[in-house]
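**Student:** predicted model follows, preceded by the sequence.
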Amino acid sequence: MSNNNSIIKIEHLSKSFGDKVVLNDINLEIKRGEFITFLGPSGCGKTTLLRLLAGFLRADEGTITMDGKDISDMPPHLRPLNTVFQRYALFPHLDVYDNIAFGLKLNKVPSDEIEKRVRKALKMVSMTDYEDRDVNSLSGGQQQRVAIARAIVNRPKVLLLDEPLAALDLKMRKDMQMELKEMHKTLGITFIYVTHDQEEALTLSDTIVVMSEGNIQQIGTPTDIYNEPTNSFVADFIGESNILNGMMIKDCEVSFIGHTFECVDKGFGEHTEVDVVVRPEDIYIIAQTDNAKFTGKVTSCIFKGVHYEMFVETDNGYELMIQDYNPFEVGSTVGMFIKPSDIHVMRKERTCNTFDGTMLSPTSVEMLGAEFECRDCGLQAGDKVRVRIDFDKVDLLDDQEDGTLTGEVHFILYKGDHYHLTIKTDAGDDIYVDTNDIWDKCDLVGIAIAPDNMRITKRI
Amino acid sequence: MNGLLKFSTKRSNWAIPYFIFLLIFVVLPLVLIVVYAFKDNSGNFSLQNFVKFVSQPEAINTFIYSIGVALITTMLCILFGYPAAYILSNRSLNRSQITVVLFILPMWINILVRTLATVALFDFMRIPLGEGALIFGMVYNFLPFMIYPIYNTMQKMDYSLIEAAEDLGAKPSKVFWKVVMPLSMPGVMSGIMMVFMPTISTFAIAELLTMNNVKLFGTTIQENINNGMWNYGAALSLIMLIIIGATSLFSDSSEAASDNEGGLI
């Protein structure tokens, strides 16, 4: 089966726990020998995906193919892959040597070969001479090394790593990252890595799979993901970024924060609403204002070690994050410009809320599991309708009782001069809201929509 | 007044009542047993009581018989209790806490009441009382003490260890023998202590369930003391104490080897 270079193929994989959909129709191909990382915030389904690959869980739907063989229903002990667990999961009743030899003994490998391979694995993780140690006497980092040795000693085709460095301190984590990368090169096997740490993912991976809420958001190399995020979620999750509303005027010309910029993106059409991403290190900041593209006032300046992180309020009221090696005094007026190649334009996923509903009477509509008042626009009860509401026309209320329905703030995106919120209603629908008010994630809110702000059309 | 306040607020002084309690009810009786055991009837120091025990085949036989009964009871308790604890702690086999409570429920009832009820039940079903009934009664009475500590260790077991074993190629039976079994040993050890030690010295169950036909070591001690032979009774008690002490030492050392805390003790 070496006619193609993919080792694992995941097709239409879905998994729910009760009512909660954890993975939703995942399709993914993993190349032989690559270092692939599943990256996402907690609860995005990355660990579930890894556990499905290891065989600890069974998928509700879909198949996992490895080397052309369907392994979806294969129990874990028959799968040719090994796992490094987040909390190491070393056997406390066995010493280091027996922990590492566990898999080899089960496979009836002759004892002299076991000894050779265990020693080699220990050498690989720089733990020579630790054979007889009790695993409980080892430090976290050492336990993690033993856990890695225990997995690689079996020569799996694929190594699964479930946030293996999450429990280590920063310095140790950095060292282990380098060692893992080195190990991946030496072993030449496929590494599938799960983490919520975007920096770790960028450092280690050949390919990153960005996940959110059970869906794959983007698959790409670290540079792709960083420089060309496909949507605002990825842009926000990977690194720091300024995400702004913009308008594509024509090819290679985009307007945002009240100015028109040259850019390198094409094919969005003319006068199309878009999201614009500018990384904070890509905005050049200078003391002179004469030949700057636009100007603003520094509102804060914090030393971050290598660079200074500044917030600048532009003359037309947008707030931008800027990173520069030189500090600028708070309150000072500065000039800024952005290179065309540093402006990244993304198609907007949506430009307004769209819900399907049913008219209950000429002046009320049922949607999102609640009844809303609306203006009479000549429709009859029972008509199937589509309702469109602009992001800034949804009212959020502190008191849940005051709203027509209630929801929870699920995701917050700062867009330079306002917040773009995703509100998850109790029924599980998403409502997108633009607001200047500050809300926190997980705030419970009441949602109201004024009758005049609904644009209702009949569904055909 | 100030001194009293100081005395009563000092943390370590709070232990004094317990210390006195221990002294009166544990240390003093132990000392008395040792002193009595090494004295003859007229109060002179002698080894006469131990010589009597060694030279009397009847006492030694009862002693060996008691240990035998205790061993069989313990074995049977492990045999029935281990699978029960395994099933109770296994998520896929048992999801409710109620079953656990049901297994522990007999512990809430006084041991004498339970035994008397067993006697009545045996009478009703016309099953003759005797050795079989004795073993049944012992196992029935002490089974919860075996199940609970094992259940406890199994419940606390890190599930990722089982997954790790599977991941490394262990089929379910291997997972059990190589991981679950060794990791549940501290629980088994606690269970043995909870069952073996009290069964050596029981006499009520033996008296009731065998109509006094089978004599256990506990009964012998009780008879001797009832008949005013304090010194001999004390010597027998001391021998039993040493045996029990030996078992606890044995299980202590095996427990120290593992960090996984056992059940009730």
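**Tutor:** On my side now, so go ahead.
**Student:** any idea how far the residue in chain A that chain B sits nearest to is from residue B:193?
**Tutor:** Proximity of chain A to chain B (C-beta to the nearest C-beta) peaks at residue A:103, 3.6 Å away. In this view, the C-beta of every residue, glycine as well, is placed from N, C-alpha and C. Distance of residue A:103 to residue B:193, computed by C-beta to C-beta, to the nearest Å: 35 Å.
**Student:** what of residue A:24?
**Tutor:** Counting by C-beta to C-beta, the gap from residue A:24 to residue B:193 is 52 Å.
**Student:** can you give me the helices in chain A?
**Tutor:** A:46-54, A:96-106, A:111-124, A:140-152, A:170-187, A:198-204, A:222-227, A:232-237 (DSSP state H).
**Student:** tell me who's in contact with the residue lying closest to the residue of chain A closest to chain B once chain neighbours are set aside.
**Tutor:** Spatial nearest neighbour of residue A:103, excluding adjacent residues (C-beta to C-beta, 6 or more residues apart in numbering or on different chains): residue B:168 at 3.6 Å. The contact partners of residue B:168, by C-beta atoms under 8 Å, 6 or more residues apart in numbering or on different chains, come to A:77, A:82, A:102-103, A:106, A:150-151, A:154.
**Student:** for residue A:306, same thing?
**Tutor:** residue A:325.
**Student:** how about a cut-off of 10 Å?
**Tutor:** Residue A:306 makes contacts with A:323, A:325, as judged by C-beta atoms under 10 Å, 6 or more residues apart in numbering or on different chains.
**Student:** now swap in the one 10 residues further on and tell me
**Tutor:** Each residue near residue A:316 by C-beta under 10 Å, 6+ apart is listed here: A:257-259, A:294-296, A:417.
**Student:** which of the residues you listed are buried?
**Tutor:** By neighbour count, with 16 or more other C-beta atoms under 10 Å in any protein chain shown, the contacts of residue A:316 hold A:257, A:259, A:294-296, A:417 as buried.
**Student:** mind putting those residues in CSV, distance to chain B and pLDDT included?
**Tutor:** Conversion of these to CSV gives the following (distance: C-beta to the nearest C-beta, whole Å; pLDDT from 0 to 100):
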residue, distance to chain B, pLDDT
A:257, 49, 90
A:259, 54, 90
A:294, 54, 90
A:295, 56, 91
A:296, 52, 92
A:417, 47, 85
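**Student:** separation between whichever residue of the stretch 151-265 of chain B sits closest to chain A and residue A:281?
**Tutor:** Taking C-beta to the nearest C-beta, chain A has its nearest neighbour within the stretch 151-265 of chain B at residue B:168, 3.6 Å off. Using C-beta to C-beta, residue B:168 is found at 45 Å from residue A:281.
**Student:** equivalent analysis for residue A:64, please.
**Tutor:** Where residue A:281 is concerned, residue A:64 sits at a distance of 40 Å (C-beta to C-beta).
**Student:** ok, which pair from the contacts of residue A:316 is furthest apart?
**Tutor:** Pairwise distances across these peak at 16.0 Å for A:295 and A:417 (criterion: C-beta to C-beta).
**Student:** is it true that residue B:108 touches residue B:102?
**Tutor:** No - with contact defined as C-beta atoms under 10 Å, residue B:108 does not count as touching residue B:102 (11.2 Å).
**Student:** quickly list what the residue nearest to residue A:46 when sequence neighbours are not counted is bridged to.
**Tutor:** Distances taken as C-beta to C-beta, 6+ apart place residue A:38 nearest to residue A:46, at 3.9 Å, with adjacent residues excluded. Listed by DSSP bridges, the beta-bridge partners for residue A:38 are residue A:194, residue A:209.
**Student:** okay, now residue A:38: neighbour count?
**Tutor:** Other residues near residue A:38 come to 26 when the count uses other C-beta atoms under 10 Å in any protein chain shown.
**Student:** got the buried ones among the contacts of residue A:316 as CSV, with distance to residue B:189 columns?
**Tutor:** Formatted as CSV, the buried ones among the contacts of residue A:316 follow (distance: C-beta to C-beta, whole Å):
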residue, distance to residue B:189
A:257, 71
A:259, 76
A:294, 75
A:295, 77
A:296, 72
A:417, 68
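**Student:** now, which of those residues lie within strands?
**Tutor:** Using DSSP state E, the members of the buried ones among the contacts of residue A:316 that fall in strands are A:259, A:294-296.
**Student:** burial of residue 36, as a residue count?
**Tutor:** No chain specified, so I'll use chain A. Neighbours around residue A:36, by other C-beta under 10 Å: 24.
**Student:** looking at chain B here, not the other one
**Tutor:** So residue B:36, with other C-beta under 10 Å, has 18 neighbours.
**Student:** contact partners for it?
**Tutor:** B:43, B:49, B:230-235, B:237-238.
**Student:** please name the nearest non-neighbouring residue to it.
**Tutor:** Nearest non-adjacent residue to residue B:36 (C-beta to C-beta, 6+ apart): residue B:234, at 3.6 Å.
**Student:** and the stretch 201-350 of chain A, which residues reach chain B?
**Tutor:** Residues of the stretch 201-350 of chain A lying near chain B by C-beta under 10 Å from any C-beta of the partner chain: none.
**Student:** and the strands in the stretch 201-350 of chain A, which stretches?
**Tutor:** A:207-212, A:215-220, A:242-250, A:253-256, A:259-262, A:272-278, A:283-286, A:294-303, A:308-314, A:319-324, A:333-338, A:344-347 (DSSP state E, counting those that start in this stretch).
**Student:** okay, those, which one's buried deepest?
**Tutor:** The highest mean neighbour count among the strands of the stretch 201-350 of chain A, using mean count of other C-beta atoms under 10 Å in any protein chain shown, belongs to strand A:207-212: a mean of 24.
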